[in-house]
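Peer 1: Quick one: sequence plus predicted model below, questions after.
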Amino acid sequence: MPKNYNLFLKGSVGYWDFNADMVSYVLDKHKESEVRVLINSHGGDVATALSISSLFSIHGNVHCHYVGMNASAATIAAMGAKHISIDADALFLVHKCMSLVLEWDYMNADELAAHIAGLEKQKKDNETIDGCIAGMYARRCKKSKDELLALMKEGGWLTASQAKEWGFVDEITNEADDPKPVLTDTMASVFADAGIPMPPVEIRKGTLLERLFKAFSGKTDPQSAPGTPAPPAAQQSTQMSKPLTALAALLGSALVVADGSVSITEEQAGKIDDTLAAHQATVSDLNAQITQKDGKIAELEAKVADLAKEPAASTADITPVTTAEVDPDKVAEALLKMIP
């Protein structure tokens, strides 16, 4: 395994620390010698990965070494290398390409037809890209294109041994200085946003991800021991319970549920905290209103009780009307007017 690396490609493929321009610059500086590349990336832009793979192939003497968790476009980038090695504890994932699909609108029949046509075109484009990538993998793995497409459709994490069995890598190493894969909050968020399943590795202790896992599952060991293969697809559940369905509705996004556990991103966790705080403020406000109204009711009840205790007016307080105060002539006149 190469020790003194000329390139360290990490982070998201297509960003400043994993881009074709930087790769081209380094390769040009070492035209007549072997270029040693260390890769540790969750993936990213397919176009950039294809460009880097071609640059490696054109150079002709590139040795790529994988450490940590590597997925998606990160696995494509090394396909043009002369030699590929992987750390014994590293993980490797290939899957079908994905495109962002966002639409929130009211549509009539014509608009729906146009939208469906656009999605159909996008689907065909993705199928073309999948075929191209499967062909690259197949040539490297010495297997059929259909076999690779089936693996990409499944999209499960491969151990170093499985990656070598498939033919993605040529050599497995066990160097003490190669970092073991650890799932951080940031990495979990990236995997969830990209629709990539969570890898079967240790979750870093004390992180938000670990606390949330314990809160949702009540388990103290959220993942199997490092290096343990992911559970078979048949054992993974994609059905959410009613509470999780409600949580997904609250977050406005899908939740990753596998083997009885749920994964959420740090952003989603923040949204839960904000929502709970807002609900608590609403409850406090309602309690204050109830207390205020209870006070008014008690005040009115006290007034009613006081009125019930007061005695009725006595006859001594009523001014009597005597006959001396009545004018007989006016009474007679009033009676005559009443006679038709």
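Peer 2: Arrived safely, thanks for sending.

Peer 1: Return the residues in contact with G11.
Peer 2: G11 sits next to 17-18, 41, 44 when contact means C-beta atoms under 8 Å, 6 or more residues apart in numbering. Heads up, the C-betas are built off the backbone N, CA and C, glycines and all.

Peer 1: what's the helix or strand hosting D125 packed up against?
Peer 2: In this assignment (DSSP states H and E), D125 forms part of helix 109-141. Counting contacts by 3 or more C-beta pairs under 8 Å, 6 or more residues apart in numbering; DSSP states H and E, helix 109-141 packs against helix 46-59, helix 145-154.

Peer 1: I'd like the ones you listed as JSON lines, with mean neighbour count and mean pLDDT appended.
Peer 2: Below are these laid out as JSON lines (neighbours: other C-beta atoms under 10 Å; pLDDT from 0 to 100):
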{"stretch": "helix 46-59", "mean neighbour count": "20", "mean pLDDT": "97"}
{"stretch": "helix 145-154", "mean neighbour count": "16", "mean pLDDT": "95"}
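
Peer 1: Any chance of TSV for these, columns distance to A81?
Peer 2: Below are the helices and strands packed on helix 109-141 laid out as TSV (distance: least, C-beta to C-beta, whole Å):
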stretch	distance to A81
helix 46-59	5
helix 145-154	18
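
Peer 1: Nearest to Y137, out of those?
Peer 2: helix 145-154 (4.4 Å; C-beta to C-beta).

Peer 1: what's that closest one packed up against?
Peer 2: Helix 145-154 packs on helix 109-141, going by 3+ C-beta pairs under 8 Å, 6+ apart.

Peer 1: so the helix it packs on versus helix 46-59, what angle?
Peer 2: Angle, helix 109-141 to helix 46-59, by axes from the mean of the first three to the mean of the last three C-alpha atoms, to 10 degrees: 30 degrees.

Peer 1: Let me know the average pLDDT across helix 109-141.
Peer 2: Averaging pLDDT along helix 109-141 gives 95.

Peer 1: Equivalent analysis for stretch 85-99, please.
Peer 2: The pLDDT scores in stretch 85-99 average 93.

Peer 1: That stretch: which residues count as buried?
Peer 2: Neighbour-count burial for stretch 85-99 flags 85-87, 89-97 (criterion: 16 or more other C-beta atoms under 10 Å).

Peer 1: Number of residues surrounding T173?
Peer 2: 17 (other C-beta atoms under 10 Å).

Peer 1: For F92, give me its contacts.
Peer 2: Contacts of F92 by C-beta under 8 Å, 6+ apart are 66, 70-71, 75, 86, 157-160, 162-163, 168-169.

Peer 1: What of H95?
Peer 2: Neighbour list for H95: 71-72, 152-153, 155, 196 [criterion: C-beta under 8 Å, 6+ apart].

Peer 1: so it sits in a strand?
Peer 2: No. Looking at H95 with DSSP: H, G, I helix; E, B strand; the rest coil, it is coil, so not inside a strand.

Peer 1: between the contacts of H95, which is nearest D327?
Peer 2: Among those, I196 lies closest to D327 (C-beta to C-beta), at 107.0 Å.

Peer 1: gap between A305 and I297?
Peer 2: 13 Å (C-beta to C-beta, to the nearest Å).

Peer 1: swap in D285?
Peer 2: D285 sits 19 Å away from I297, going by C-beta to C-beta.

Peer 1: I'd like to know which of the contacts of F92 is nearest to R140.
Peer 2: Of all those, R140 sits closest to F168, with 6.6 Å by C-beta to C-beta.

Peer 1: hang on, the earlier thing: weed out the non-buried ones from the contacts of F92.
Peer 2: The buried subset of these - by 16+ other C-beta under 10 Å - is 66, 70-71, 75, 86, 157-160, 163, 168-169.

Peer 1: can I get these in JSON lines with distance to S54?
Peer 2: Listed next are the buried ones among the contacts of F92 as JSON lines, based on distance: C-beta to C-beta, whole Å:
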{"residue": "Y66", "distance to S54": "19"}
{"residue": "N70", "distance to S54": "19"}
{"residue": "A71", "distance to S54": "20"}
{"residue": "T75", "distance to S54": "15"}
{"residue": "I86", "distance to S54": "22"}
{"residue": "W157", "distance to S54": "27"}
{"residue": "L158", "distance to S54": "24"}
{"residue": "T159", "distance to S54": "28"}
{"residue": "A160", "distance to S54": "26"}
{"residue": "A163", "distance to S54": "22"}
{"residue": "F168", "distance to S54": "18"}
{"residue": "V169", "distance to S54": "19"}
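
Peer 1: Out of the residues you listed, which is nearest to V26?
Peer 2: Set against V26, the nearest of the buried ones among the contacts of F92 by C-beta to C-beta is Y66 (18.0 Å).
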